[in-house]
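Visitor: Could you work out the structure for the sequence below:
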Amino acid sequence: MQPLRVQDYESLAHTRLPRAVRDFIAGGSGDEITLRENTAALKRLRLRPNVLTGTGTPDTTTTVLGTTLATPIAVAPVAYHTLAHPEGEIATARAAADAGALTILSTFSGHSLEATAQAAGGPLWLQLYCFRDRHITQTLVRRAQQAGYTALVLTVDTPVLGRRYRDARNAFALPPGIRPGNFTPDTHTGLGHASPGHSAIAQHTTDTLEPALAWSDIAWLRRITDLPIVLKGVLAPADAARAATEGIDAVIVSNHGGRQLDTTAATIDLLPDVARAAGERCEVLFDGGVRDGTDALKALALGARAVLIGRPVLWSLAVDGHQGVRHLLNLLTSELADAMALCGRPTLADLDPTLLAPHPPAAAIPATTRQEAP
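Guide: As a prediction, the model looks like this:
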C-alpha cells in the first residue's frame, strides 16, 4: 500500500533499517525532551479557520532568497542519506527538484556536492560547518560556488555535539561503504570505528569542528564569498536581530531536531519572537517537528517563509528511494494546500497569526482543592 501519511513512512523505514542506523536518525540528545516537544508543541496549537472566502484552489508557490519554489516544504540538511539508500542525496535532490522544492545539502553528505548538483536539476543550498582548519571550510565554499549552489547555510548551534546516548550505547560508527562524500578518506578518518560507550560521530565533531565560533567568523565567511549566508540554529530574538544587522540574508529557527541541547524550547514556541526580531531585514525559515501539512501551515502563519523536513526525508528514502522522497514532498504540499483551503487562505501571503486560536486559559483550581496560605 502507498503510504498515506508521514508516519506510514516512519513505520515502514523502521522495519528496513538496522537498529543502530535507526537510532542515529531518530534519536535526540539527553532525555530527548526537546525531540518530543518539537512535535508535541505543534500539535497543541489550534487553528481558527475563516469561511465563505471564495478561496478555491490554494497557491503554495513561494520565493526564498529570490528563488521561486512550487512549495515551501524544503529538504533540511541531514548527514549521510546513504545510510537510508545507496543513491542517498542524489535521489533526494532529484526528488526535490521534481516537487519544485529546495534542497539543503549537508557538509557530511554521502555523495559529493558536485555529484549531487549534477544530478539535481533544482535549487540547492550547501550547509556548512566551520572547521578548525579554515582551509577546509574555504575549499567547500569555493566548490559550492563552482557547482552552482545559490546560498550557504552555516550551522551555528554545534560548538560541541549534544549528548546523544542512543549513539553512545550503540557505539555508532559509519557502516562499511558509507563515507563523507565531500572529503577524501585520509582527511576524515575515525568515522568507521567507535569504542564501546562512545560515538564515532561525536569524536569526529570534537576533533574537527571549531568549538568557539563567533560573529567574527561570520564576517570572515562574508569576506570569502558573495553567496547569500543563512544561519541555522538561531533561537534567541537578540541573535536574530544581530543577524539582520550584520547583513545575514536568512535565519533558520532550529534546535537541531532536538539533537543538541536538551530541554531547549520547541522551535514553534520560539518562532514568533525570532520572526519579529528579524523583521523585514532577513528571511526566516523553520525547522523542527513538522510531520504534516497543518504543522507546516502553523509555522508559515507564525512568520516562516519555508519549513524544513529532516527525518521524514530519510524515512521515505529508505522505503522507496527517489520515488519515496518525491511522494513525501508532494504529500506534504498537498496536505498544506488542503489545510489552506479549509482555513480560507488562498496564498501563503494570506497566512498570519490570526489563523491560530488563542491558547486556552489555565483551568481554574476547584475550591475544594485550593490550599490557603499559612
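Visitor: any weak-confidence spans in this protein?
Guide: Applying pLDDT under 70 to the chain picks out residues 187, 189, 360-374.
Visitor: all strands for it, in order.
Guide: All strands of the chain, identified by DSSP state E, fall at 62-64, 67-69, 73-75, 103-105, 124-128, 152-155, 229-232, 250-253, 283-287, 306-309.
Visitor: Look up how far G310 lies from D226.
Guide: Going from D226 to G310 by CB to CB, to the nearest Å gives 28 Å. C-betas here are computed from N, CA, C, even on glycine.
Visitor: Between those two, which is the more surrounded one?
Guide: Set side by side, D226 and G310 show more neighbours around G310, with 20 against 7, by other CB atoms under 10 Å.
Visitor: Any figure for the gap between the more buried one and D186?
Guide: Counting by CB to CB, the gap from G310 to D186 is 30 Å.
Visitor: can you give me the offset of stretch 231-243 from its chain's centre?
Guide: Here stretch 231-243 is found 16 Å from its chain centre; the criterion is CA atoms, centre = their mean, to the nearest Å.
Visitor: Export it to CSV, keeping only CA atoms.
Guide: Taking Å, rounded to 0.1, in the frame of the first residue of the first chain, the C-alpha atoms of stretch 231-243 are listed here in CSV:
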residue,chain,number,x,y,z
LEU,A,231,22.4,31.0,9.9
LYS,A,232,20.9,27.7,11.1
GLY,A,233,20.2,27.3,14.8
VAL,A,234,19.0,30.8,15.7
LEU,A,235,16.6,30.7,18.7
ALA,A,236,17.1,34.0,20.6
PRO,A,237,15.5,37.2,19.3
ALA,A,238,18.7,39.1,20.1
ASP,A,239,20.7,36.8,17.8
ALA,A,240,18.1,37.2,15.1
ALA,A,241,18.3,41.0,15.4
ARG,A,242,22.0,40.9,15.3
ALA,A,243,22.0,38.6,12.2
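Visitor: And for A266, the neighbour number?
Guide: 22.
Visitor: ugh, wrong one, R132
Guide: Using other CB under 10 Å, R132 is surrounded by 12 other residues.
Visitor: check contacts around the nearest residue to it once chain neighbours are set aside.
Guide: Nearest residue to R132, sequence neighbours excluded (CB to CB, 6 or more residues apart in numbering): E210, at 5.5 Å. Contact partners of E210, counting by CB atoms under 8 Å, 6 or more residues apart in numbering, are 129-132, 159, 217.
Visitor: And those residues, which two are furthest apart?
Guide: Using CB to CB, the contacts of E210 span at most 12.9 Å, a distance reached by F131 and P159.
Visitor: what about the two, which has more around it?
Guide: F131 (16 against 13).
Visitor: Quick check: beta-bridge partners of the more buried one?
Guide: Assessed by DSSP bridges, F131 has beta-bridge partners L209.
Visitor: so what's D292 closest to, chain neighbours aside?
Guide: Nearest to D292 is E335, by CB to CB, 6+ apart, at 5.4 Å.
Visitor: what about the one you found, how many neighbours?
Guide: So E335, with other CB under 10 Å, has 20 neighbours.
Visitor: wait, isn't it in contact with R291?
Guide: No: contact criterion CB atoms under 8 Å: E335 and R291 do not qualify, at 9.9 Å.
Visitor: Apart from its neighbours in sequence, what residue is nearest D98?
Guide: Closest to D98 by CB to CB, 6+ apart is R326, at 4.9 Å.
Visitor: Same check on R281?
Guide: Using CB to CB, 6+ apart, the nearest residue to R281 is A244, at 3.5 Å.
Visitor: can you count the residues close to that neighbour?
Guide: The number of residues packed near A244 is 20, by other CB under 10 Å.
Visitor: my read: it touches R276, true?
Guide: No: with contact defined as CB under 8 Å, A244 does not count as touching R276 (11.1 Å).
Visitor: quick one, phi psi at A236?
Guide: phi -90, psi 130 (degrees, to the nearest 10).
Visitor: Who are the contact partners of the spatially most central residue of the chain?
Guide: In the chain, the centroid-proximal residue (CA atoms, centre = their mean) is A76; its distance is 3.8 Å. Contact partners of A76, counting by CB under 8 Å, 6+ apart, are 104, 257, 287, 308-310, 313.
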